[in-house]
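Peer 1: just coords:
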Ligand code: SF4
């Protein structure tokens with residue numbers, strides 16, 4: 001009988017850090033203590049923090065709506081004003097919540113509503129939906145909307161790509177200074193980029209603990225603990241938090257504490273999370289003794305190009321080099337490398353209906369990986385809209401996949417033992 005699952009102790013600190021982050025936003029929006037910029041999750045947050053904005057990320061709100069299982073009742077409100085049920089369910093959940101005057105931020109962090117933006121800032125490096133999403137709020141609030149249109153999809157990152165994005169980042173500065181009522185201080189921007197890089201490096205080290213057997217962290221833990229890497233990169237609070245989390249995970253490795261007690265199968269999660277089913281899927285994996293030890297999704301907030309000595313240029317590199325913005329060939333090579341590094345037995349693709357941008361099973365990749373000897377499973381679902389997700393189907397296919405992998409892992413092990421015999 002494997003040992004019971006041990007909770008990550010840093011979760012209490014995570015709650016405190018996230019509450020303090022939202023309290024700053026509340027004070028800006030409700031008490032006039034600062035300006036609020038809305039930013040896409042891989043948008044130019046460093047420029048915004050360097051200008052003194054409180055930075056709010058609507059995708060984090062979308063994920064909260066999904067995790068609270070509110071999306072299915074909110075999406076129809078967005079559909080009723082013309083936003084298709086087929087487009088991003090973060091977008092439709094968020095706009096639906098706005099139209100119905102609902103938000104989990106009230107109960108969780110004491111905000112009266114989502115914070116009114118002073119400016120909206122996007123980067124299309126992840127998808128076009130973010131621009132259309134922010135355009136809705138530009139019309140609602142009548143505030144400036146600025147952003148970066150990133151070349152997509154990018155093969156090898158070339159100087160032309162970097163120059164094009166860097167020039168767009170530069171052109172954001174003047175309109176953002178106008179809203180902020182202050183000039184961008186280059187020394188401050190360097191400081192923020194340095195903190196962002198430090199956060200990113202620590203987050204990368206946190207995720208790489210998953211390469212250890214058994215893994216001290218699962219993909220589902222990563223989805224919870226990635227909050228500061230998304231909303232507070234560029235701030236010292238995120239750096240401090242990941243030092244605490246990393247120390248705990250390294251301690252787990254030393255003490256042999258596994259995220260999935262008795263881990264026997266190691267999996268790769270490819271695609272968006274199913275926010276409303278994180279707990280259920282985590283419990284299912286624990287019962288199967290299968291651990292999702294690595295994912296492209298959590299890795300997306302590792303920005304190893306950020307360099308405070310070249311702030312804008314390095315931001316252009318980091319934010320254009322993003323996995324979601326790359327060609328199929330680059331994505332496949334990236335996944336193969338992680339499968340090797342994390343000693344993964346099989347790759348599970350979540351074909352998220354409303355996020356084709358981050359559903360990587362649609363152009364033959366599972367077949368190609370299988371052809372290269374990497375077992376794969378694809379299931380249909382969605383990041384937020386649980387009407388597109390079947391508990392029974394996912395459970396059955398995951399159980400069967402793990403059983404198949406357990407059989408072949410056992411056979412490999414036996415073969416290995418046989419080869420060791422004199
Ligand atoms: S990448 Fe997918 S989930 Fe994220 S905003 Fe775009 S469509 Fe939505």
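Peer 2: Right, received. Where do you want to start? Predicted model, so just to flag it, every value in this text is computed and none were measured.
Peer 1: doesn't residue 407 make contact with residue 345?
Peer 2: No - Residue 345 is beyond contact range of residue 407, at 10.8 Å (criterion: CB atoms under 8 Å). The way it works is simple: take the backbone N, C-alpha and C, and place the C-beta from them, glycine included.
Peer 1: and these two? Which one has more around it.
Peer 2: In this view residue 345 and residue 407 are compared by other CB atoms under 10 Å, and residue 345 has more residues nearby, 22 against 10.
Peer 1: sec struct for residue 5, please.
Peer 2: coil (DSSP: H, G, I helix; E, B strand; the rest coil).
Peer 1: thought residue 261 was touching it, still the case?
Peer 2: Yes - counting by CB under 8 Å, residue 5 touches residue 261, with 5.9 Å between them.
Peer 1: between the two, what contacts are shared?
Peer 2: Taking CB atoms under 8 Å, 6 or more residues apart in numbering as the criterion, residue 5 and residue 261 both touch residue 286.
Peer 1: what does the stretch 251-400 of the chain put close to the ligand?
Peer 2: 272, 355, 357, 358, 383 (CB under 6 Å from any ligand atom).
Peer 1: of the residues you listed, which is the nearest to the ligand?
Peer 2: residue 355 (3.3 Å; CB to the nearest ligand atom).
Peer 1: the residue nearest to residue 105 when sequence neighbours are not counted and residue 101: what is the separation?
Peer 2: Using CB to CB, 6 or more residues apart in numbering and skipping residues adjacent in sequence, the residue nearest residue 105 is residue 111, 4.2 Å away. The gap separating residue 111 from residue 101 is 12 Å, by CB to CB, to the nearest Å.
Peer 1: and residue 122, by the same measure?
Peer 2: Distance, residue 122 to residue 101, using CB to CB: 24 Å.
Peer 1: which one's more surrounded, the two?
Peer 2: Between residue 122 and residue 101, residue 122 has the larger neighbour count (other CB under 10 Å), namely 26 against 9.
Peer 1: pLDDT score for that one?
Peer 2: Here the pLDDT value assigned to residue 122 is 98.
Peer 1: likewise residue 419?
Peer 2: pLDDT recorded at residue 419 is 45.
Peer 1: ditto for residue 3
Peer 2: On pLDDT, residue 3 comes in at 69.
Peer 1: again, but for the one 3 residues further on
Peer 2: You'll see residue 6 listed with a pLDDT of 90.
Peer 1: how many neighbours does it have?
Peer 2: By other CB under 10 Å, neighbour count at residue 6 equals 13.
Peer 1: so it touches residue 260, yeah?
Peer 2: No - using CB under 8 Å, residue 6 makes no contact with residue 260, being 10.7 Å away.
Peer 1: so how far is stretch 186-194 from its chain's centroid?
Peer 2: The chain centre lies 24 Å from the centre of stretch 186-194; the measure is CA atoms, centre = their mean, to the nearest Å.
Peer 1: that one: which residues count as buried?
Peer 2: 188, 189, 190, 191, 192, 193, 194 (16 or more other CB atoms under 10 Å).
Peer 1: from the residues you listed, which two are the most distant?
Peer 2: Farthest apart among the buried residues of stretch 186-194 by CB to CB are 188 and 194. That separation is 10.6 Å.
Peer 1: what sits against the residue nearest to residue 162 when sequence neighbours are not counted?
Peer 2: Computed as CB to CB, 6+ apart, the closest residue to residue 162 that is not its neighbour in sequence is residue 316, at 4.9 Å. For residue 316, the contacting residues are 161, 162, 163, 165, 166, 169, by CB under 8 Å, 6+ apart.
Peer 1: so which bits of the helix or strand the third one falls within are buried?
Peer 2: The secondary structure element spanning residue 163 is helix 159-180 (assigned by DSSP states H and E). For helix 159-180, the neighbour count (16+ other CB under 10 Å) marks 161, 162, 164, 165, 166, 168, 169, 172, 173, 176, 179, 180 as buried.
Peer 1: what does the stretch 51-200 of the chain put close to the ligand?
Peer 2: So the stretch 51-200 of the chain meets the ligand at 59, 88, 90, 126, 127, 129, 130 (CB under 6 Å from any ligand atom).
Peer 1: just checking, residue 292 touches residue 263?
Peer 2: No - at 10.7 Å, residue 292 does not count as touching residue 263 under the criterion of CB under 8 Å.
Peer 1: neighbouring contacts of stretch 30-41?
Peer 2: By CB under 8 Å, 6+ apart, stretch 30-41 touches 24-25, 27-29, 45, 48, 51-60, 111-112, 115-123, 126, 130, 134, 137, 147, 176, 179-181, 230.
Peer 1: and the residues you listed, which of them are buried?
Peer 2: For the contacts of stretch 30-41, buried by 16+ other CB under 10 Å: 24-25, 28-29, 45, 48, 51, 53-60, 111, 115, 117-123, 126, 130, 134, 137, 147, 176, 179-180, 230.
Peer 1: enumerate every residue touching whichever residue of the stretch 101-250 of the chain sits closest to the ligand.
Peer 2: Of all residues in the stretch 101-250 of the chain, residue 127 sits closest to the ligand, at 3.3 Å by CB to the nearest ligand atom. By CB under 8 Å, 6+ apart, residue 127 lies in contact with 88, 324, 355, 357, 358.
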